[in-house]
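> Turn this into a structure:
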Amino acid sequence: RIQNLKFYKLQKVFMEIIMKFFPLALCYVMFSLGLQSKFSEFSRIFKSPKSLFVGLFSQMIIVPLIGVVFAYFVPAPMNYKIGIVLVTCVPSAVTSSYLVKFIKGNIYLSVVMTAISSLMSFITIPLILTKVAPALGIGSETLASVDFKRLSVFLFLMATIPILIGSSVASKFHQFTKKVLPFFSKSAFLIFVFFILLAIYTDWDLAIEAFGELGWMLLILICTLLICANIIVNLFSIKKDDSKTIINEVLFQNGAMAIIIGSTIFGLGTGHLFMAAVYGLFQYKVFIAWWLINKKRTHLSQLNSMTR
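Numbers count the residues shown, from 1 in each chain. Modelled structure (predicted):
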């Protein structure tokens, strides 16, 4: 018992130290995102803005809306409902641009979409967490204590400013950025993995009990996001490369950002972060399945065109 008590105290101290570094970690991840997005890329995408507007509409409005509605109707404890809202109101993941390159999408559209949605997160995330979700009775008691202005200032300082600094560095010091970008990108991904594993570890007891029911919830949520994204890109007649990019951006949520924001508001071990962590793992599995299905569909269409 004494050994368990010592271990518990050490674990608590360790968690408190890590939590102090959470804001700096968010700054680092957002700065690495800024390094990927030169200001010239923004002007390039704005020359034909249709895909960008459809993508941002999907990412910043449709995804959070689906998250809030899904959380409202899903039969789950309130901390999981809040977790669903949290993970669907954050911007797309920093790693999404690399996956867009893998599926031969529009890399510039991906970077600009992620950058703009992240820049606006100091408005969108507090608005959804403190106004929209409580209005539907989702976490109205828990989220009532969240200060809109304080959260906005926190995100502006820790997300918006680092992106702008990163973009400025990328625009003015192109050769330097080219050299350091691989390091920043890889380390940002490692930070993402670390926070996913940390969130699972801190909620491990809840994870063992609830993983079965969480699995089907997240599977339905992700499938809903993919179906809606497909409908939207077809409805607006978005070209193929841009369609793949928008669907990819809708699927990949910034789990690390959700966990850092969630831990700042709720703390660790409360069950609110587990949804973001599991979603962060699930999205890669769904991406692989989606990519294989699309690859097979493309192959079959090529065979059909050759036989005609």
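
> Which stretches in the stretch 201-308 of the chain count as helices?
Along the stretch 201-308 of the chain, counting by DSSP state H, counting those that start in this stretch, helices occupy 204-235, 240-251, 255-266, 274-307.

> go on, the stretch 51-200 of the chain?
Counting by DSSP H, counting those that start in this stretch, the helices of the stretch 51-200 of the chain are 63-73, 78-89, 96-102, 107-119, 121-127, 133-135, 140-143, 148-155, 161-172, 174-202.

> Select, out of those, the one closest to P23.
Of all the helices of the stretch 51-200 of the chain, it is helix 148-155 that lies closest to P23, at 7.4 Å by Cβ to Cβ. Every C-beta, even on glycine, is put in place using the N, C-alpha and C of the backbone.

> who's in contact with that closest one?
With contacts defined as Cβ atoms under 8 Å, 6 or more residues apart in numbering, helix 148-155 is touched by 23, 121-123, 125-127, 129-131, 261, 264-265.

> Can you flag the buried ones in the residues you listed?
The neighbour count (16 or more other Cβ atoms under 10 Å) marks 121-122, 125-127, 129-130, 261, 264-265 as buried among the contacts of helix 148-155.

> Which two of those residues have the greatest separation?
Every pair of these checked by Cβ to Cβ; the farthest is L127 and T264, at 16.7 Å.

> Could you look up the next helix or strand downstream of the worst-scoring helix or strand of the chain on mean pLDDT?
One helix or strand of the chain scores below all others by mean pLDDT, DSSP states H and E: helix 2-36, with a mean of 65. The helix or strand immediately downstream of helix 2-36 is helix 39-46, counting by DSSP states H and E.

> which helices and strands does that following helix pack with?
If you count contacts as 3 or more Cβ pairs under 8 Å, 6 or more residues apart in numbering; DSSP states H and E, helix 39-46 packs onto helix 50-57, helix 107-119, helix 161-172.

> any chance of the ones you listed in CSV, plus distance to W216?
Shown next, in CSV, are those (distance: least, Cβ to Cβ, whole Å):
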stretch, distance to W216
helix 50-57, 28
helix 107-119, 28
helix 161-172, 35
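
> Of those, which is nearest L99?
helix 107-119 (8.4 Å).

> Ends of stretch 69-84, what's the gap?
Start to finish, the residues bounding stretch 69-84 are 10 Å apart (Cα to Cα, to the nearest Å).

> ok, residues contacting it?
With Cβ under 8 Å, 6+ apart as the criterion, stretch 69-84 contacts 67, 85, 88, 133, 136-139, 142-143, 210, 213-214, 217, 220-221, 224, 262, 266, 270-276.
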